[in-house]
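*Asks:* Quick one, what's the 3D model for this:
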Amino acid sequence: MIRNLNQLKKSLKTGTRFQITNHCRPECVGQLREVTVSNTQGFYSILPEEPDSKTSTCNGGKGSVLWWSKAPFWQFADGICSIYNSDTKRTEDYLIMSFRVLGEEEA
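*Replies:* Numbering: from 1, shown residues only. I've put the predicted structure just below:
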């Protein structure tokens, strides 16, 4: 189970899949995403089942991007990784995205 930002960065490699459990854009909730690029600044992800979608084709085909930000902007609980646009407030009003990294048996 991922407990901090360092563990998350190590786990999100190319091909890793995750499922969005909550998002500032409600239409994204439930999406299955696959990491295409992960580096020191952030990670890109696509919708593997929808290769022609706007999400999958943006950024030169790397997909949508999420920058890492600093550790205080993240929260890790019960296998859910959440990033907020505040380093002190953890409410729906400040949520960017929550997701669960899927193991090979779930992907």
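*Asks:* all contacts plus neighbour counts: C-alpha atoms, from now on.
*Replies:* Noted.
*Asks:* For G42, what are phi and psi?
*Replies:* With angles defined as degrees, to the nearest 10, G42 sits at phi 170, psi -160.
*Asks:* now do I96
*Replies:* Dihedral angles for I96 - degrees, to the nearest 10 - are phi -100, psi -60.
*Asks:* Neighbours of it, how many?
*Replies:* Number of residues near I96 (other C-alpha atoms under 10 Å) recorded here: 17.
*Asks:* Distance from the chain centre to stretch 1-11, please.
*Replies:* 12 Å (C-alpha atoms, centre = their mean, to the nearest Å).
*Asks:* List the contacts of stretch 37-56.
*Replies:* Here stretch 37-56 makes contact (C-alpha atoms under 8 Å, 6 or more residues apart in numbering) with 9, 12-14, 31-36, 57, 62-68.
*Asks:* please redo it, this time with the cut-off set to 7 Å
*Replies:* Residues from elsewhere that reach stretch 37-56 (C-alpha atoms under 7 Å, 6 or more residues apart in numbering): 12-14, 32-36, 62-68.
*Asks:* most surrounded residue in the residues you listed?
*Replies:* Using other C-alpha under 10 Å as the neighbour criterion, R33 leads the contacts of stretch 37-56 with 27 neighbours.
*Asks:* ok, and the closest non-adjacent residue to that residue?
*Replies:* Nearest residue to R33 in three dimensions, chain neighbours excluded: L47, at 4.9 Å (C-alpha to C-alpha, 6 or more residues apart in numbering).
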